[in-house]
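J.: 3D model of this:
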Amino acid sequence: MPLLEGKHLLVTGVLTDDSIAYGVADLAMREGAEVLLTGAGRGLSLTRRVAKHLPRTPEVLELDVTVPEHLGTVVGHVRRQWGKLDGVLHSIGFAPQSCLGGGFLQAPWEDVKVAVEVSAYSLKYLAAGFLPLMQAAGGGSVVGLDFDATVAWPGYDWMGVCKAALESTARYLARDLGRHHVRVNLVAAGPVRTVAAKAIPGIQRFEDAWDTRAPLGWDINDSSAVAKACVALLSDLFPATTGEIVHVDGGYHMMGV
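T.: Residues are numbered from 1 along each chain as shown. Now for the predicted structure:
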């Protein structure tokens, strides 16, 4: 029996077929799930275009996490179409250019608060918004994409702070949503060459480091291992796991000098 047979999932963050979220949506469909995609702003047309490459072309709805009306519209649509929701993939992150590339001390609050709202607060926004639909399913799973926030990375700057906030947000959500049988976990991926990654100044330094320090090795052009971890967490294989950060990075995170 396919791993996600009968599951209904909402996947955010698909921009191109290199997106980690695309890999998750693709594998989820192959494992039997019904999938709905969301996109925002200028990326919405890209999401609709790449959706046609999936095993079955899913519906794509507009969901900008900074526009409250969008969430209500998407929740209403899912309620009418499915009546419930089994899981959500949070693959949302954005930081203005001033927040990246070595300008940590100069980045203005106006830009930082945008990065925090879109990249961290949005996890709570989605989890709380879709909670009634996951309750209707008897519980659910929220999975977010992370990048190890226990250390300071070159050029990552305020996005690193946002990832630390994302990790803390996931823990508090896991605490509060557990009584509703909703699990909240993160997958901390190694660097994957996506549109988002290319926007980080000096990303090559990340890639070079993984080449020499990941015990299992790491292919920056292959997100399949990350997708498998996300799909496993969206399935029923981990019924008692919540508040966890699963590292899918070839083992890089546990290495010393």
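
J.: There's contact between V142 and H90 in this structure, I believe.
T.: Yes. The criterion here is C-beta atoms under 8 Å, and V142 meets it with H90 at 6.6 Å. Every C-beta, even on glycine, is put in place using the N, C-alpha and C of the backbone.

J.: Please identify every residue contacting each of the two.
T.: Common neighbours of V142 and H90, using C-beta atoms under 8 Å, 6 or more residues apart in numbering, are 123, 126.

J.: Tell me which residues are up against the lengthiest helix in the chain.
T.: Ranked by residue count and defined by DSSP state H, the top helix of the chain is helix 157-177. Here helix 157-177 makes contact (C-beta under 8 Å, 6+ apart) with 93, 95, 99-104, 107, 111-112, 115-116, 119-121, 123-124, 127, 131, 142, 144, 146-149, 152-153, 183-186, 200, 242-243, 245.

J.: Next step: those residues restricted to strands.
T.: If you go by DSSP state E, the contacts of helix 157-177 have 142, 144, 146, 183-186, 245 in strands.

J.: Tell me the one among these nearest to G72.
T.: V142 (18.5 Å; C-beta to C-beta).

J.: Any idea how many residues pack against the closest one?
T.: 28 (other C-beta atoms under 10 Å).

J.: per-residue confidence for it?
T.: Among the per-residue scores, V142 holds a pLDDT of 98.

J.: Also A170?
T.: 98.

J.: I'd assumed S119 was in contact with F94.
T.: Yes. Counting by C-beta under 8 Å, S119 is a contact partner of F94 at 6.3 Å.

J.: Looking at those two, which has the bigger crowd around it?
T.: S119 (23 against 19).

J.: I'd like to know how far the more buried one sits from G6.
T.: Using C-beta to C-beta, to the nearest Å, we find S119 at a distance of 32 Å from G6.

J.: same question, A25
T.: For A25 relative to G6 (C-beta to C-beta), the value is 17 Å.

J.: So for these two, which sits in the more crowded spot?
T.: A25 (33 against 11).

J.: Does the more buried one touch T38 like I think?
T.: No. Contact criterion C-beta under 8 Å: A25 and T38 do not qualify, at 10.9 Å.

J.: Next, show the common contact partners of the two.
T.: In contact with both A25 and T38: V11, using C-beta under 8 Å, 6+ apart.

J.: for the stretch 51-200 of the chain, what spans make up the helices?
T.: 68-81, 109-116, 122-136, 157-177, 195-198 (DSSP state H, counting those that start in this stretch).

J.: Export the ones you listed as a markdown table, with columns for distance to G43 and mean neighbour count.
T.: Output for those, formatted as a markdown table (distance: least, C-beta to C-beta, whole Å; neighbours: other C-beta atoms under 10 Å):
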| stretch | distance to G43 | mean neighbour count |
| --- | --- | --- |
| helix 68-81 | 13 | 14 |
| helix 109-116 | 16 | 16 |
| helix 122-136 | 15 | 20 |
| helix 157-177 | 18 | 20 |
| helix 195-198 | 9 | 15 |
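
J.: and A225, which of those is closest to it?
T.: That would be helix 195-198 among the helices of the stretch 51-200 of the chain, by C-beta to C-beta, at 15.8 Å.

J.: Tell me where the stretch 101-250 of the chain is predicted with low confidence.
T.: Residue ranges of the stretch 101-250 of the chain with pLDDT under 70: 197-199, 201-203.

J.: Roughly how far does the closest residue to T57 other than its chain neighbours sit from L89?
T.: Excluding its sequence neighbours, the residue lying closest to T57 (C-beta to C-beta, 6 or more residues apart in numbering) is A51, at 5.6 Å. A51 sits at a distance of 14 Å from L89 (criterion: C-beta to C-beta).
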